[in-house]
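Asks: missing the sequence, but the structure's below:
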């Protein structure tokens, strides 16, 4: 039996329950993984709350790292004993042991710990596709990254700085802004005490930025458009404040023939070759020392509900993990 966090209805953190689940032999194309650490991400909250509907009852969690215990027929990507990490696939990463599609697993380099692996796959690969594919950031670009002190944001600040970009971040307190600057942000705007649109215009001397990366959603969407240069791109990749409401597409023309995209990691890594390339780029930048994966919060698996409460209340910074 394996301890697993599941929910039978959508709602607040209290719907998360720890249950005993039988885990059999892996089927064809599957691998059985014993988790050493499980990642915590805002998408987990969206799924639990019902913002992103999932079939119920459901497991929780999208990201983990551990050791392969067994493989099913036809599996050639991994073998028993391999250190692996993953993001995506069927929900259910908040558990001790599980079977999952082996083609979602990536070999975890020896220089990266299980906790780092569990904390970096979804967040780090999200940063990779955003700054290398959605808009390929070049040296000299000025970019705005919302929620710069979060798990995705701290990775992004470091990676963007390594690319030679000028990084403007936003965060909800002076302490969080200091953390973002420590990780590479050239400027960080406390959106609780400053108007981020006005500050971006001040910092860029009225020019605006080439790209905005926005995981906040409803509260920042229109302001993010106002921060862009003509022909600029807004990558809206999350809804921490709620979903973006319908808007008139004519606004994009009025504000400078702007582009808006709503990308997803699961689309960008759907093909195995793209998953491997994305993970390799992430592993390489982390092993180079240019991006550090720092675990700021650790919770027991039994405390998943508290972890969700802390995440939603903005009481966390950087990356968090659950430990089975």
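Replies: Ah, there it is. Just so we're clear, the structure is a prediction, and the values are computed from it rather than from any experiment.
Asks: Residue 244 and residue 235, how far apart?
Replies: 12 Å (C-beta to C-beta, to the nearest Å). Where you see a C-beta, it was placed from the backbone N, CA and C, and this is true even at glycine.
Asks: higher neighbour count, these two?
Replies: residue 235 (23 against 19; other C-beta atoms under 10 Å).
Asks: quick one: the more buried one is in a strand?
Replies: Yes: according to DSSP: H, G, I helix; E, B strand; the rest coil, residue 235 belongs to a strand.
Asks: Would you enumerate the residues in contact with it?
Replies: Residues in contact with residue 235 (C-beta atoms under 8 Å, 6 or more residues apart in numbering) are 130, 134, 135, 211, 212, 213, 214, 261, 263.
Asks: I figured the fourth one hits residue 232, correct?
Replies: Yes: contact criterion C-beta atoms under 8 Å: residue 211 and residue 232 qualify, at 6.3 Å.
Asks: Is there a quick ChimeraX command that grabs whichever of the contacts of residue 235 are buried?
Replies: Burial among the contacts of residue 235 is assessed by 16 or more other C-beta atoms under 10 Å; the matching ChimeraX selection reads:
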select :130,134,135,211,212,213,214,263
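Asks: okay, the contacts of residue 235 in TSV with secondary structure next?
Replies: Output for the contacts of residue 235, formatted as TSV (three-state DSSP):
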residue	secondary structure
130	helix
134	helix
135	coil
211	strand
212	strand
213	strand
214	strand
261	strand
263	coil
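Asks: Which of the contacts of residue 235 lies at the shortest distance from residue 313?
Replies: residue 214 (20.5 Å; C-beta to C-beta).
Asks: for the stretch 201-324 of the chain, what spans make up the helices?
Replies: 221-226, 250-254, 265-268, 272-287, 304-312 (DSSP state H, counting those that start in this stretch).
Asks: Residues in contact with the longest one: which ones?
Replies: Put plainly, it is helix 272-287. With C-beta under 8 Å, 6+ apart, helix 272-287 has contacts from 77, 103-104, 106, 109, 111-112, 116, 120-121, 124-125, 127-129, 132, 159, 162, 268-269, 291-293.
Asks: looking only at pLDDT, what's the mean for it?
Replies: Averaging pLDDT along helix 272-287 gives 98.
Asks: Give me the buried positions along it.
Replies: 275, 278, 279, 281, 282, 283, 285, 286.
Asks: Contact partners for residue 111?
Replies: residue 287.
Asks: same thing but 10 Å
Replies: 283, 286, 287 (C-beta atoms under 10 Å, 6 or more residues apart in numbering).
Asks: Please apply the same query to residue 189.
Replies: Here residue 189 is in contact with 144, 146, 148, 168-171, 177, 180, 195-200, 202-203 (C-beta under 10 Å, 6+ apart).
Asks: quick revisit: who wins for proximity to residue 28 among the helices of the stretch 201-324 of the chain?
Replies: So among the helices of the stretch 201-324 of the chain, helix 272-287 is nearest, using C-beta to C-beta, at 16.3 Å.
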